[in-house]
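**Student:** Just the structure for this:
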Amino acid sequence: MKFTWFNLMPWPDLPDDFREKHRSVWVDIDQELFDPVRSHEVYNTYMDLLEYAGTVGFDGIGVNEHHQNGYGIMPSPNIIAAGLARRTTDTALVVLGNSIALYNPPVRVAEEFAMLDCISGGRLVAGFPVGTSMDTNYCYGQIPSLTREKYAEAHELIIKAWTTREPFAFNGRYNKLRHVNIWPRPIQQPHPPIHIPGGGSVETYDFCIDNTYSYSYLSFSGYLRAQALMTGYWNRVEERGAPDNSPYRAGFAQTILVADTDEEAERLYSEHVSYFYNRCLHVYPGFADAPGYRTIKTIQTGALSQYAPPRGGYTQLTWKELTEQGHVIAGSPETVRQRMEELIKGLNVGNIFCLMHVGNMPADKCMYSTKLFAEKVMPKLRNMFPDWDDDNRFWTSPLAKRVTSGSLPKEAPTSAELAKTYA
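**Tutor:** Numbering: from 1, shown residues only. A predicted model of the protein is given here:
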């Protein structure tokens, strides 16, 4: 099993009456709600938590890309990952990811991901999401019906840039480049492992199968409701005659909260879960699925946007309902272990993206929950798929010998010392 500690970086100061006074947390959110001075502390605390997770045993630390919202204030995950690359040593940098249809030209993604892989010594997991309708269509103005076509061309260009050893010309519909010859190239060859975050699009199933990428379902409705969608993915793997059904072909994001007891978990975390579901997920339905963004084939399966809230939103769901219905896995280490085992076996997923920071949760509570999960839950879930222990296609292959950041001497050498060194 591979466990990635994932941080959405939500804005923690949305007012109590946010739902009543504001139409949406995304796209047209009120600028007055953001405080740049306050964000200095918020960003650094979130990065500290990501670094902390890398010290307690998580395989990866995860970041992602969203725009113009209070749900996740990380429009450039590569900037965050660059900082983490210098201040972590062994943990994978899981960037899920760059919305490649938005980049012009997409070779920028190939270059920046290559830089991250080189700086980190080969610790990058690369993610290529199509991007939410809010981000791609409303914030960045992409034509909904062309988003996937642009995405496919961007992917082709990035992979070719990573794997071609001589300059080439690229003559696509959206990208026409006379000279493609990226410097640097990634350490991991032929390229870093690729995970594709998805929200239920059938086309994404086939894309992952065709390219041997790991399909990652990111959902806030929980693993019980994800059963049908993930079953659809595994059925597609079988229908397409893929050479195997390794659980590492799939991943799942789950909100996880651990305390000493079930009662303590509710007492410590319920207010932060409520904040996230009722403020951070308060998306105007008109932004959640632009006409043409989702294909007919996908709509026919019933896989609609996870950001389009249920009727009445989440305000009517109690802590008990959120936990019993699987939106949130919370409780004592043993309760969380049991529920996680159900999730892992039921969905057949080898990659878990642990959403352990929720809403406006303060750092001390987050560290407490993270440490309990790392010490008392994660070790008991490690060997869920012993038959696939040697499947390393979807994880990093870092250099055995990597440099340590900040290793320069404290003082610059004198002229005499230089003369002696280079005599």
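**Student:** so where's the stretch 301-423 of the chain shaky on pLDDT?
**Tutor:** 301-315 (pLDDT under 70).
**Student:** Show me the strands in the stretch 51-200 of the chain, by range?
**Tutor:** Ranges of strands within the stretch 51-200 of the chain are 60-63, 92-95, 124-127, 168-171, 176-180, 194-198, based on DSSP state E, counting those that start in this stretch.
**Student:** again, but for the stretch 301-423 of the chain
**Tutor:** 328-331, 351-355.
**Student:** quick one on the thing from earlier: same list as before, the strands of the stretch 51-200 of the chain that is, but in JSON lines and with mean pLDDT included.
**Tutor:** Compiled in JSON lines, those are given as follows (pLDDT from 0 to 100):
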{"stretch": "strand 60-63", "mean pLDDT": "98"}
{"stretch": "strand 92-95", "mean pLDDT": "98"}
{"stretch": "strand 124-127", "mean pLDDT": "98"}
{"stretch": "strand 168-171", "mean pLDDT": "98"}
{"stretch": "strand 176-180", "mean pLDDT": "98"}
{"stretch": "strand 194-198", "mean pLDDT": "94"}
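**Student:** of the ones you listed, which approaches Glu375 most closely?
**Tutor:** Closest approach to Glu375 among those (CB to CB): strand 60-63, 17.3 Å. C-beta coordinates here come from the backbone N, C-alpha and C atoms, glycine included.
**Student:** elements contacting that closest one?
**Tutor:** Under the contact definition 3 or more CB pairs under 8 Å, 6 or more residues apart in numbering; DSSP states H and E, strand 60-63 sits against strand 2-6, helix 36-53, helix 77-87, strand 92-95.
**Student:** Might you report the residue contacts of Cys139?
**Tutor:** Shown in contact with Cys139 (CB atoms under 8 Å, 6 or more residues apart in numbering): 27, 67-68.
**Student:** now do Tyr140
**Tutor:** For Tyr140, the contacting residues are 67, 102, by CB under 8 Å, 6+ apart.
**Student:** next one: the one 3 residues further on
**Tutor:** Neighbouring residues of Ile143 by CB under 8 Å, 6+ apart: 137, 292.
**Student:** For it, give its distance to Glu149.
**Tutor:** Using CB to CB, to the nearest Å, Ile143 is found at 9 Å from Glu149.
**Student:** Ok, Thr204 next?
**Tutor:** 14 Å.
**Student:** Kindly report the same for Pro409.
**Tutor:** From Pro409 to Glu149 the distance is 53 Å (CB to CB).
**Student:** higher neighbour count, the two?
**Tutor:** Just comparing Pro409 and Glu149: by other CB atoms under 10 Å the higher neighbour count belongs to Glu149, 14 against 7.
**Student:** Just put the strands of the stretch 51-200 of the chain in JSON lines and tack on distance to Val42 and mean neighbour count.
**Tutor:** Output for the strands of the stretch 51-200 of the chain, formatted as JSON lines (distance: least, CB to CB, whole Å; neighbours: other CB atoms under 10 Å):
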{"stretch": "strand 60-63", "distance to Val42": "14", "mean neighbour count": "27"}
{"stretch": "strand 92-95", "distance to Val42": "20", "mean neighbour count": "28"}
{"stretch": "strand 124-127", "distance to Val42": "23", "mean neighbour count": "28"}
{"stretch": "strand 168-171", "distance to Val42": "39", "mean neighbour count": "12"}
{"stretch": "strand 176-180", "distance to Val42": "38", "mean neighbour count": "12"}
{"stretch": "strand 194-198", "distance to Val42": "24", "mean neighbour count": "23"}
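**Student:** Let me have those strands in TSV, adding distance to Glu334 as columns.
**Tutor:** Shown next, in TSV, are the strands of the stretch 51-200 of the chain (distance: least, CB to CB, whole Å):
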stretch	distance to Glu334
strand 60-63	25
strand 92-95	28
strand 124-127	30
strand 168-171	54
strand 176-180	54
strand 194-198	30
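**Student:** of the ones you listed, which approaches Met134 most closely?
**Tutor:** So among the strands of the stretch 51-200 of the chain, strand 194-198 is nearest, using CB to CB, at 14.6 Å.
**Student:** After that closest one, which helix or strand is next? Please name it.
**Tutor:** helix 202-211 (DSSP states H and E).
**Student:** Just the residues contacting that following helix, thanks.
**Tutor:** 130, 148, 194, 196, 198, 213-215, 232-233, 236-237, 240, 242, 249, 295, 297-298, 301, 303.
**Student:** Buried by neighbour count, from the residues you listed: which ones?
**Tutor:** Buried members of these, counted by 16 or more other CB atoms under 10 Å: 130, 148, 194, 196, 198, 213-215, 232-233, 236-237, 242, 249, 298, 303.
**Student:** Least confident of the residues you listed?
**Tutor:** Across the set of the buried ones among the contacts of helix 202-211, Ala303 stands lowest in pLDDT, at 57.
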